[in-house]
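Engineer: Dropping the sequence and predicted coords here.
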Amino acid sequence: MHSETFQKLQRYLNSQVIGQSELVQQLLVALLADGHILVEGPPGIAKTRAVQKLAECIEGEFHRVQFTPDLLPADLTGTDIFRPETGEFTFQPGPIFNSLILADEINRAPAKVQAAMLEAMAEKQITAGRKTYPLPELFLVMATQNPIEQEGTYPLPEAQLDRFLLHLDVQYPDAQSELEILRLNRGEALGMEAIEKAYITQEQIFKARKEVLSIHMAESIEQYIVRLVLATRHPEQYSPKLVEWLEMGVSPRATIALDRCARARAWLEGRDYVTPDDVQQMAFPVMRHRLLLSYPAQAEGVHPNQVVQQLISTVGSA
């Protein structure tokens, strides 16, 4: 297996993004499972830094797009430009034609931009005028959003949220991590590199993805994944609390995502088989943005993590 290369990358990222080991692991899981990532958390806790550091270690073009309310679809996808010397229109590709896209504060963009983004994420292509253009084979959108300040933001539609493989919920680091962050920042200002940078080619990524899909998963664990998903759609068969909290369950994309992410987590830890713990750990980032909570649950301040925890507690293990 090539997991040693990714484990080296994981160690490097943990040295650069202090106190966010779960965020680092799940970024790599999404890369291995070929899915897009939505990272949410308060400002200043290294959401953008984590994505940038990952991009620095991967072969491919990287572009950061700052989403604003006045952004236009063409600013993202590109547009036809008239060339006076030839008298013809030629397509000028936009920043979306890169392997790694950092969509910073994605919820600040209006609906038309979100529609263009949805096509890129769902189909790995964009449409400009009458023509459709394919995106690079390695194409990963890593989006961030700030949950605190909601003025001037546009909530992401459910269809687009469902296209994100994982929703990562990032919190503040602890006291020891805060001290290490301080020292790391000082070292960077002095031009010191704490650990040798890891680097991964696109070929290594594609090979790793095939290895991940080949990992052994027992039929009982496959059935466990299906039971977790069905419990969100038929909560009356499992728990009165789930009935009270859930308005709508998760889509089949959640089933596929849970399978792939559990495999990727196991592979990243150097195992060639999936355990129920892999499924349970990945259930939170896979499901938290796909669950539609009821109005009473929202009024009570119920967090999607509480719903996922209730699912795991209620549904029998593999």
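Structural biologist: Yes, it's here. Residues are numbered from 1 along each chain as shown.
Engineer: Can you pull out the low-pLDDT segments for this structure?
Structural biologist: 1-2, 148-152, 193-194, 317-318 (pLDDT under 70).
Engineer: what's the domain layout of it?
Structural biologist: Domain segmentation of the chain under automatic domain parsing yields 3-189, 215-314.
Engineer: Ends of the longest one, what's the gap?
Structural biologist: Between the opening and closing residues of domain 3-189 there is a gap of 32 Å (CA to CA, to the nearest Å).
Engineer: Met282 in helix, strand or coil?
Structural biologist: helix (DSSP: H, G, I helix; E, B strand; the rest coil).
Engineer: For it, which non-adjacent residue is spatially closest?
Structural biologist: Leaving aside its sequence neighbours, Met282 sits nearest to Cys261 (CB to CB, 6 or more residues apart in numbering; 4.2 Å). Glycine gets a C-beta too; all of them are placed from N, C-alpha and C.
Engineer: measure the one you found to Pro110 for me?
Structural biologist: Distance from Cys261 to Pro110, counting by CB to CB, to the nearest Å: 31 Å.
Engineer: Which stretches in the stretch 1-150 of the chain count as strands?
Structural biologist: Along the stretch 1-150 of the chain, counting by DSSP state E, counting those that start in this stretch, strands occupy 36-40, 62-66, 78-83, 88-93, 100-104, 125-128, 131-134, 140-145.
Engineer: can you redo these as CSV with mean neighbour count?
Structural biologist: Conversion of the strands of the stretch 1-150 of the chain to CSV gives the following (neighbours: other CB atoms under 10 Å):
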stretch, mean neighbour count
strand 36-40, 24
strand 62-66, 17
strand 78-83, 13
strand 88-93, 12
strand 100-104, 24
strand 125-128, 17
strand 131-134, 11
strand 140-145, 24
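Engineer: So for Leu179, which of the ones you listed sits nearest?
Structural biologist: strand 36-40 (23.7 Å; CB to CB).
Engineer: rewinding a little: of all the domains of the chain, which lies closest to Ala198?
Structural biologist: Nearest of the domains of the chain (CB to CB): domain 3-189, 4.1 Å.
Engineer: can you give me how far the closest one is from the chain middle?
Structural biologist: Computed by CA atoms, centre = their mean, to the nearest Å, the chain-centroid distance of domain 3-189 equals 9 Å.
Engineer: Flag every buried residue along stretch 293-302.
Structural biologist: Buried residues in stretch 293-302, counting neighbours by 16 or more other CB atoms under 10 Å, are found at 293, 297, 302.
Engineer: Relative to Arg183, which of those residues is nearest.
Structural biologist: Val302 (38.8 Å).
Engineer: so the closest one sits right up against Tyr295, yeah?
Structural biologist: No - using CB atoms under 8 Å, Val302 is not in contact with Tyr295, being 10.8 Å away.
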